[in-house]
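Engineer: Model the structure of this input:
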Amino acid sequence: EFLCWLVNALAYKSLRKCTLKVTQHSNSIHSLISNMVQPHSAILTCTLLAIAPTLVAAQSGLRGLHNLAKAKGRYFGTATDQLWTNTDSAYLALTGNSSEFGVNTPGNQQKWDATEKSRNVFSFTNADYQVAWAKNHSQAVRGHTLVWHSQLPSWVSSGGFNNATLISIMENHISKVAGHFKGQLYAWDVVNEAFEENGTYRNSVFYTTIGPAYIPIALRAARAADPTAKLYLNDYNTDWTGSKSDAYYNLAKSLLAQGVPLDGIGFQGHLIVNSFERTVQENFQRFADLGLDIAITELDIRMTLPATNELLQAQAENYAYIVKSCLATSKCVGITTWDTSDDYSWIPSVNPGQGAALLFDGNKQPKPAYYSVADALAAATVSSSWA
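Structural biologist: Have a look, this model is predicted:
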């Protein structure tokens with residue numbers, strides 16, 4: 001805790017670009033000090049020499065999740081929101097640390113209500129800001145999302161359009177939004193949350209008006225708008241085998257057989273501590289066997305508050321299990337958490353009394369789950385390049 005205070009007091013105030021690294025192989029605390037800016041070296045030398053044995057033994061500090069993942073042929077990323085108004089320097093420094101997070105997903109800025117509030121009137125100011133911010137921090141971007149039943153302007157959801165008109169509206173939206181970011185994004189979540197829990201199609205305005213054909217139409221439009229972006233279907237509660245994941249498996253097989261452009265399946269991973277089926281790797285692999293990329297796109301593992309040590313340790317094991325499931329799957333390309341630290345999580349506002357779902361706490365300090373993820377990545381024997 002003292003080390004975290006020291007780093008925050010010195011690094012976040014005036015040394016935000018400096019990284020404090022301690023590894024098992026540190027032979028001298030002076031090698032750690034040499035990474036810091038000279039004006040503070042005398043202060044740090046006196047302080048760190050006093051705590052050196054404990055500091056090295058505990059292997060405190062960040063370990064670079066994206067760097068660890070990249071060495072094993074995967075990426076590690078985060079999602080962010082409203083960066084243009086954020087003045088939380090600790091959050092921005094952590095979220096923009098490309099050693100930790102190599103991929104950035106805009107949480108809301110690319111959704112329909114943010115980009116086309118009025119018919120055929122498009123705005124990309126906030127989305128452009130986030131994409132530029134990610135690029136400036138050496139992060140790739142996953143686009144999110146082109147077609148979704150939620151966060152739709154009323155002119156779409158209640159417009160009463162016929163089949164042909166809604167297809168035209170959807171194709172135009174995809175063409176304009178994906179086309180605006182052509183060549184800039186690693187991937188797109190093209191269709192989001194298409195199925196109900198029992199594996200039937202969700203009664204969105206797109207399904208009730210167009211029918212199941214809206215999905216291949218959307219994928220083809222996305223490919224035409226941005227030929228180089230990976231195209232995904234994305235949903236929650238599909239991480240394990242069951243009715244909902246079966247529906248996606250059958251849909252994916254059908255789309256591929258028809259020659260519809262589909263590159264991957266996004267498994268959101270909004271989980272509850274110790275409350276999910278342990279068939280994740282088996283489920284991932286059957287999609288990989290179809291030739292599809294697998295991505296964990298919105299990972300968080302919530303608990304009932306307060307966050308006791310027992311719950312935090314269980315959460316750490318759960319995170320490690322998910323990461324190992326990705327590492328054991330031949331075409332799992334990476335993992336994204338749904339924001340960076342607990343104080344930015346969506347969970348408490350939607351699920352009162354629950355939270356503490358991410359790898360960093362509200363003070364931007366790593367939790368046990370962070371280290372369990374780092375350990376799982378470091379121990380993996382696979383290697384390749386995800387890019």
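
Engineer: burial measure for the nearest residue to Asp343 once chain neighbours are set aside, as a count.
Structural biologist: Leaving aside its sequence neighbours, Asp343 sits nearest to Gly362 (Cβ to Cβ, 6 or more residues apart in numbering; 3.8 Å). All C-beta atoms are positioned from the backbone trio N, CA, C, and that covers glycine. For Gly362, the neighbour count with other Cβ atoms under 10 Å is 14.

Engineer: Could you do Gln285 as well?
Structural biologist: 16.

Engineer: which residue is nearest the centroid of the chain?
Structural biologist: Thr336 (2.4 Å; Cα atoms, centre = their mean).

Engineer: so what's Leu271 bridging to?
Structural biologist: Applying DSSP bridges to Leu271 gives these bridge partners: Ile301.

Engineer: Distance check, it against Ser138.
Structural biologist: According to Cβ to Cβ, to the nearest Å, Leu271 and Ser138 sit 29 Å apart.

Engineer: which one of those two has more residues nearby?
Structural biologist: A count of neighbours by other Cβ under 10 Å puts Leu271 above the other of Leu271 and Ser138, at 23 against 13.

Engineer: these two touch, right, His180 and Phe122?
Structural biologist: Yes. His180 lies in contact with Phe122 (Cβ atoms under 8 Å); the separation is 7.4 Å.

Engineer: what about these two, which has more around it?
Structural biologist: Neighbours were counted for His180 and for Phe122 using other Cβ under 10 Å; His180 has more, 17 against 13.

Engineer: quick one: that one from Leu94, how far?
Structural biologist: Using Cβ to Cβ, His180 is found at 29 Å from Leu94.

Engineer: contacting residues around the residue nearest to Asp343?
Structural biologist: By Cβ atoms under 8 Å, 6 or more residues apart in numbering, Gly362 lies in contact with Ser341, Asp342, Asp343.

Engineer: Return the set of residues that bridge with the first one.
Structural biologist: What that stands for is Ser341. Taking DSSP bridges as the rule, Ser341 bridges to Phe360.

Engineer: ok, it - how many residues close by?
Structural biologist: 23.

Engineer: Strand partners (parallel or antiparallel) of the helix or strand hosting Val191?
Structural biologist: Following DSSP states H and E, one finds Val191 within strand 187-192. For strand 187-192, the paired strands and their directions (DSSP bridges) read strand 140-148 (parallel), strand 230-235 (parallel).

Engineer: which strands and helices sit next to whatever helix or strand comes next after that strand?
Structural biologist: As assigned by DSSP H and E, the chain's next helix or strand after strand 187-192 is helix 205-210. Packed against helix 205-210 by the contact rule (3 or more Cβ pairs under 8 Å, 6 or more residues apart in numbering; DSSP states H and E) you find helix 163-180, helix 214-225.

Engineer: Out of the ones you listed, which is closest to Pro306?
Structural biologist: helix 163-180 (41.3 Å; Cβ to Cβ).

Engineer: Tell me the buried residues in the closest one?
Structural biologist: The neighbour-count check on helix 163-180 (16 or more other Cβ atoms under 10 Å) flags Leu166, Ile167, Ile169, Met170, Glu171, His173, Ile174, Ser175, Val177, Ala178, His180 as buried.

Engineer: And these, which is closest to Asp189?
Structural biologist: For the buried residues of helix 163-180, the nearest to Asp189 is Ala178 (11.1 Å; Cβ to Cβ).

Engineer: if you skip the residues just before and after it, what's nearest to the closest one?
Structural biologist: Ala178 sits nearest to Ala225 (Cβ to Cβ, 6+ apart), 3.7 Å away.

Engineer: okay, now that neighbour: neighbour count?
Structural biologist: Around Ala225 there are 21 other residues, counting by other Cβ under 10 Å.

Engineer: quick one: contacts for it?
Structural biologist: When contacts are counted by Cβ under 8 Å, 6+ apart, Ala225 touches Ile174, Ser175, Val177, Ala178, Gly179, Lys182.

Engineer: can we see that at 10 Å?
Structural biologist: Going by Cβ atoms under 10 Å, 6 or more residues apart in numbering, Ala225 touches 146, 171, 173-182, 188.

Engineer: What of Pro306?
Structural biologist: Shown in contact with Pro306 (Cβ under 10 Å, 6+ apart): Gly353, Gly355, Ala356.

Engineer: quick one: the residue lying closest to Ser175 once chain neighbours are set aside and Val333, what's the gap?
Structural biologist: With sequence-adjacent residues excluded and distances taken as Cβ to Cβ, 6+ apart, Ser175 is closest to Ala225, at 4.9 Å. From Ala225 across to Val333, the span is 22 Å (Cβ to Cβ).

Engineer: What of Gly73?
Structural biologist: Distance, Gly73 to Val333, using Cβ to Cβ: 8 Å.

Engineer: Settle it for me: which of those two has more neighbours?
Structural biologist: Shown here are Gly73 and Val333; by other Cβ under 10 Å, Val333 has more neighbours (23 against 19).

Engineer: Okay, and that one sits in which element?
Structural biologist: Taking DSSP H and E as the criterion, Val333 maps to strand 332-337.

Engineer: got it, and Tyr129?
Structural biologist: According to DSSP H and E, Tyr129 maps onto helix 125-136.

Engineer: and that helix, what does it pack onto?
Structural biologist: Helix 125-136 sits against strand 75-80, helix 89-95, strand 103-106, helix 112-115, strand 140-148, helix 163-180, with contacts defined as 3 or more Cβ pairs under 10 Å, 6 or more residues apart in numbering; DSSP states H and E.

Engineer: per-residue confidence averaged over the first one?
Structural biologist: The predicted model gives strand 75-80 an average pLDDT of 99.

Engineer: Give the other helices and strands that it contacts.
Structural biologist: Contacts defined by 3+ Cβ pairs under 10 Å, 6+ apart place strand 75-80 against helix 65-71, helix 89-95, strand 103-106, helix 125-136, strand 140-148, strand 293-304, strand 332-337, helix 368-379.
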